[in-house]
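Student: predicted coordinates and the sequence they were generated for:
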Amino acid sequence: MSSRLRAEHVYKVFGRRPEQAVERLRKGADREELRTDGVTAAVIDASFAVEPGEIFVVMGLSGSGKSTLLRMLNGLLEPTTGTVSFDGQDLAALSAAELRTLRSRRISMVFQHFALFPHRTVVQNAAYGLEVQGVPRAERERRATEALALCGLEGWETSWPDELSGGMRQRVGLARALATDADLLLMDESFSALDPLIRREMQDQLLDLQKTLHKTIVFITHDLNEAMRLGDRIAVMRDGEIVQIGTAEDILVRPEGEYVASFIRDVDRSKVLTAASVMDTAPRSDAADCSCPTATPDTPVEELCALGARSGHPVAVLDEDGGLVGSVSLERLAGVIGDIPQDAEAVACDAGSGDPKGVAA
């Protein structure tokens, strides 16, 4: 299976003589040296591939280069050096007309601030991308209505944007992207303007949709918890560079460097890690012989805490055929998220405080 999207040694430099600035960067100059000369190195030597059906999250603080990188992924910005290719086609080799067609038909954007037209109804907003494509009105409204239903907005088609909550307006933006049936969705801080409860609902919505639609998605965020919840893989950016790429578990268990390690200190490990990442793959003998509670490799650690504490036994990890593939002891869980009360009926693991608390079963 070939990658849907690929970036290879991509640099983006703003200012005078950008190609010379890239050469300086390659020879070891840093961003600050270039900045004193009035040159901004926004993206430095970025390389990655995004596979079909993957949610690839780019995470970084403000100024890390993530939004500039995103704009190179659909040809809005051209790399100073390096290549960005979509389905094997170098975007820099496309004409302006070909890029417009690509962006209108195969790559859709979902913005942070909704970008809805106030004078258009919900269904008209959702159908806008299809209108740009020249799809007949009846067809585009049918497809927009279907997309709205997927996003939980059935019955709101004739409403106006100012009649919707922030979360509902963001759902319209998502429906607009889905209606075009684009191969790639680029989501730029799409949920960051929402309050925490609605933001989590939108994350749930996206994950539910992905189970059915299997879209290829590049999702930009500054929030590590959001990145770990949504991403199949995560690229962490700092000062224009990608400093680590991996799954949520890779980054949490094997951070590369102090910068990444500092990010993960306050992450609730019990909600990110799974049985597969903490189990002993040489199962303890009592896991097979006793009446141990069972879990799957995908079971979150927070559920393992409750299972193990209630039973007082290790948790047996079974594959989809019911075969024993590992076990997780209370001692192992304690080593991951803190001490677990052996006599607790159930345990709620709170890695943010580092102190799991016993609760009633």
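Tutor: Received it, and whenever you're ready, just let me know what you need.

Student: C-alpha only now, for contacts and for neighbours.
Tutor: Will do.

Student: how about the nearest residue to Ile245, chain neighbours excluded?
Tutor: Ala235 (4.3 Å; CA to CA, 6 or more residues apart in numbering).

Student: for that neighbour, what are phi and psi?
Tutor: Torsion angles at Ala235 (phi, psi; degrees, to the nearest 10) stand at phi -110, psi 120.

Student: can you check the one 3 residues further on too?
Tutor: Comment: the main-chain dihedrals of Arg238 come out as phi -150, psi 130, following degrees, to the nearest 10.

Student: ok, now which ones touch the nearest residue to it once chain neighbours are set aside?
Tutor: Using CA to CA, 6+ apart and skipping the chain neighbours, the partner closest in space to Arg238 is Ser64 (4.9 Å). The contact partners of Ser64, by CA atoms under 8 Å, 6 or more residues apart in numbering, come to 42, 237-241.

Student: next one: Thr281
Tutor: Applying CA under 8 Å, 6+ apart, the residues near Thr281 are 325-327.

Student: so for it, what's the pLDDT?
Tutor: pLDDT for Thr281: 81.

Student: kindly report the same for Ser270.
Tutor: 74.

Student: can you start the count at 698 instead of 1 from here on
Tutor: Right, with 698 as the first residue, what we last looked at is Ser967.

Student: ok, it touching Glu999?
Tutor: Yes. Using CA atoms under 8 Å, Ser967 makes contact with Glu999 at a distance of 4.7 Å.

Student: what's the closest of the contacts of Ser761 to Ala1013?
Tutor: Among the contacts of Ser761, Met934 lies closest to Ala1013 (CA to CA), at 37.4 Å.

Student: list the neighbouring strands of the helix or strand harbouring the closest one plus their orientation.
Tutor: Assigning secondary structure by DSSP states H and E places Met934 in strand 930-935. The pairing partners recorded for strand 930-935 under DSSP bridges are strand 752-756 (parallel), strand 938-943 (antiparallel).

Student: okay if I get these as a markdown table plus distance to Gly1005 and mean neighbour count?
Tutor: What follows is the strands paired with strand 930-935, written out as a markdown table (distance: least, CA to CA, whole Å; neighbours: other CA atoms under 10 Å):
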| stretch | distance to Gly1005 | mean neighbour count |
| --- | --- | --- |
| strand 752-756 | 32 | 27 |
| strand 938-943 | 29 | 19 |
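
Student: please name the bridge partners of Val755.
Tutor: Ile917, Ala932.

Student: residue contacts, it?
Tutor: Taking CA under 8 Å, 6+ apart, one finds 763, 915-918, 924, 931-934 in contact with Val755.
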